[in-house]
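Colleague: fold the following, please.
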Amino acid sequence: MRDDPDTVLTVRAASEPSLNPADYTFAHQIRVRFSETDAMGIVHHSRYLPYLEETRVEYMRSIGQSYANSRETLGDSAVLEATVKYRQPLKFDEVMNVHLVLAATTGATFTINYLITVGEHVVSTASTQHAYVNAQGRPQRLPAWIKELAAQ
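Modeller: Just a heads-up that it's a prediction; the model follows:
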């Protein structure tokens, strides 16, 4: 990687997110709030990214990696790309399970896949690609613990 502020990192999802909840290593429950719905009573598409972010933070907490502490001591993970496929609508007061798996890593990037379900129904799939960066926003190598998680 060049030490150049104009360096652009690109990464693509290793594969389509699985539709099987058993393929995911973590799940987080979220209840849909009224303020997240539109005039049709359906969750607005813009609300899905905060659901993914909340799940990432809870995942880190569950493995003993506080997001705030990680940012201060190791660097940050900038989102490079996010994709969401909407399969069924989410509605007010439904309880969703946001499933997460660390899908792939490279030297400075990683991909997380998500599956959102309500009961047995698949609501959506998603993927986020991240670059690990230092305080100046420059790419840096992934910490060993991230690579270890991806290998599991």
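Colleague: residue 67 and residue 148: what is the separation?
Modeller: 18 Å (Cβ to Cβ, to the nearest Å). In short, each C-beta sits where N, CA and C put it, glycine included.
Colleague: neighbour count: these two, which is higher?
Modeller: Neighbour count, other Cβ atoms under 10 Å: between residue 67 and residue 148, residue 67 has more, with 16 against 12.
Colleague: and the more buried one, what does it touch?
Modeller: 56, 57, 60, 61 (Cβ atoms under 8 Å, 6 or more residues apart in numbering).
Colleague: now the first one, what's its secondary structure?
Modeller: If I follow you right, that is residue 56. For residue 56, the assignment made with DSSP: H, G, I helix; E, B strand; the rest coil gives helix.
Colleague: which helix or which strand is home to residue 114?
Modeller: strand 109-118 (DSSP states H and E).
Colleague: what does residue 99 give?
Modeller: strand 95-105.
Colleague: what are the buried residues along that strand?
Modeller: 96, 97, 98, 99, 100, 101, 102, 103, 104, 105 (16 or more other Cβ atoms under 10 Å).
Colleague: let me have the residues you listed in JSON lines, extended by pLDDT and distance to residue 30.
Modeller: Converted to JSON lines, these look like this (pLDDT from 0 to 100; distance: Cβ to Cβ, whole Å):
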{"residue": "96", "pLDDT": "98", "distance to residue 30": "5"}
{"residue": "97", "pLDDT": "98", "distance to residue 30": "8"}
{"residue": "98", "pLDDT": "98", "distance to residue 30": "6"}
{"residue": "99", "pLDDT": "98", "distance to residue 30": "12"}
{"residue": "100", "pLDDT": "97", "distance to residue 30": "12"}
{"residue": "101", "pLDDT": "96", "distance to residue 30": "17"}
{"residue": "102", "pLDDT": "93", "distance to residue 30": "20"}
{"residue": "103", "pLDDT": "92", "distance to residue 30": "21"}
{"residue": "104", "pLDDT": "90", "distance to residue 30": "25"}
{"residue": "105", "pLDDT": "89", "distance to residue 30": "26"}
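Colleague: and the helices in the chain?
Modeller: 48-62, 67-73, 144-151 (DSSP state H).
Colleague: can you give the contact residues for the last one?
Modeller: Applying Cβ under 8 Å, 6+ apart, the external contacts of helix 144-151 come out as 63, 65, 102, 103, 104, 105, 110, 132.
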